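> Output the structure for:
(2 chains)
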Amino acid sequence: AQSVTQLGSHVSVSEGALVLLRCNYSSSVPPYLFWYVQYPNQGLQLLLKYTTGATLVKGINGFEAEFKKSETSFHLTKPSAHMSDAAEYFCAVRLQTGANNLFFGTGTRLTVIP
Amino acid sequence: SQTIHQWPATLVQPVGSPLSLECTVEGTSNPNLYWYRQAAGRGLQLLFYSVGIGQISSEVPQNLSASRPQDRQFILSSKKLLLSDSGFYLCAWTHNSGPQETQYFGPGTRLLVL
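Okay, the predicted model is just below:
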């Protein structure tokens, strides 16, 4: 069975500091990996995804994530936090075969301190 | 371009009343459609998904049901709401061409059952 673990339900960083949001997955086969962002009272917006190819994936708003198979991780980073990055972030996985469903982590709420 | 709509945006309903939430997708055909619920402080829970008209798969047994009367319309219903049905309901769609496809989310419906 597949699952997603996001370490830290709340993360606070100072404006301009590095953002690191952690995501680990458990899957019997290599999955596809996604990061979504949710602003208050809105739907989810795709930040980036990994399917195949280069393991370092660049997304919107300066975010990037690296797929590390040996560590079963897909951590999200941004070199310098902006106030507008304050939101909730969800990591999700989908198997390459079988049911076409996304399995989400419980989310990490990012607070940016001015 | 494709867009996804949900309505109503907000709904307050008494316990025991019926529910109907609607989701429509524009600009694509034969999408896979999904209903998620996001309870306060928790991640996203997949409720139903559909790969075609009249085809509904339920992920979690509960007092909710889903229907897909048209290719780009997905409806979430209940005959009698419970307090525990309160939450943020999100509809999503993907192209049906494989698990690498991105799920695109609607703006959501916030439901409060009193």
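> How about the residues of chain B by chain A?
Residues of chain B found near chain A (Cβ under 8 Å from any Cβ of the partner chain) are B:32, B:34, B:42-44, B:46, B:49, B:51, B:59, B:90, B:92, B:94, B:96, B:98-100, B:102-108, B:110. All C-beta spots, glycine's among them, are computed from the backbone N, C-alpha and C.
> Pull out the buried residues from these.
For the residues of chain B next to chain A, a neighbour count by 16 or more other Cβ atoms under 10 Å in any protein chain shown gives the buried set as B:32, B:34, B:43-44, B:46, B:49, B:90, B:92, B:94, B:99, B:102-106, B:108.
> among those residues, which two are most distant?
B:P99 and B:G108 (23.7 Å; Cβ to Cβ).
> so where's the chain shaky on pLDDT?
All of this refers to chain A. Counting by pLDDT under 70, chain A contains low-confidence residues at A:1, A:96-100.
> wrong one, chain B
In chain B (pLDDT under 70), the answer is B:41, B:61.
> what ranges do the helices span in it?
When secondary structure is read from DSSP state H, chain B shows no helices.
> So for it, the centremost residue is which one?
Centroid-nearest residue in chain B: B:W35, 2.9 Å away (criterion: Cα atoms, centre = their mean).
> Give me the distance between it and A:S14.
38 Å (Cβ to Cβ, to the nearest Å).
> Run through the bridge partners of B:V25.
Using DSSP bridges, the bridge partners assigned to B:V25 are B:I4.
> And for it, the neighbour number?
For B:V25, the count of nearby residues is 21 (other Cβ atoms under 10 Å in any protein chain shown).
> still on that earlier bit, tell me which residues form a beta bridge with the residue nearest to the centre of chain B?
B:F48, B:C91.
> Can you pull the phi and psi angles for the closest residue to B:Q2 other than its chain neighbours?
Distance criterion Cβ to Cβ, 6 or more residues apart in numbering or on different chains; nearest residue to B:Q2, sequence neighbours excluded, is B:G27 at 3.8 Å. Per-residue torsions, B:G27: phi 90, psi 10 (degrees, to the nearest 10).
> B:G27 contacts B:W93, correct?
No: assessed by Cβ atoms under 8 Å, B:G27 is found out of contact with B:W93, at 10.2 Å.
> those strands in chain B, which residues are they?
B:3-7, B:10-13, B:19-26, B:32-38, B:44-52, B:55-58, B:64-70, B:73-78, B:87-94, B:104-105, B:109-113 (DSSP state E).
> any idea how far the longest one is from the chain center?
Here strand B:44-52 is found 7 Å from its chain centre; the criterion is Cα atoms, centre = their mean, to the nearest Å.
> helices or strands next to it in the packing?
Counting contacts by 3 or more Cβ pairs under 8 Å, 6 or more residues apart in numbering or on different chains; DSSP states H and E, strand B:44-52 packs against strand B:32-38, strand B:55-58, strand B:64-70, strand B:73-78.
> if you set the cut-off to 6 Å instead, what comes out?
strand B:32-38, strand B:55-58 (3 or more Cβ pairs under 6 Å, 6 or more residues apart in numbering or on different chains; DSSP states H and E).
> One more: the first one?
Where contact means 3+ Cβ pairs under 6 Å, 6+ apart, strand B:3-7 is packed against strand B:19-26.
> buried sites along the strand it packs on?
So for strand B:19-26, counting by 16+ other Cβ under 10 Å, buried means B:19, B:21, B:23-25.
> before we move on, back to that, hang on, isn't the residue nearest to the centre of chain B packed against B:L76?
Yes: using Cβ atoms under 6 Å, B:W35 is in contact with B:L76, at 5.1 Å.
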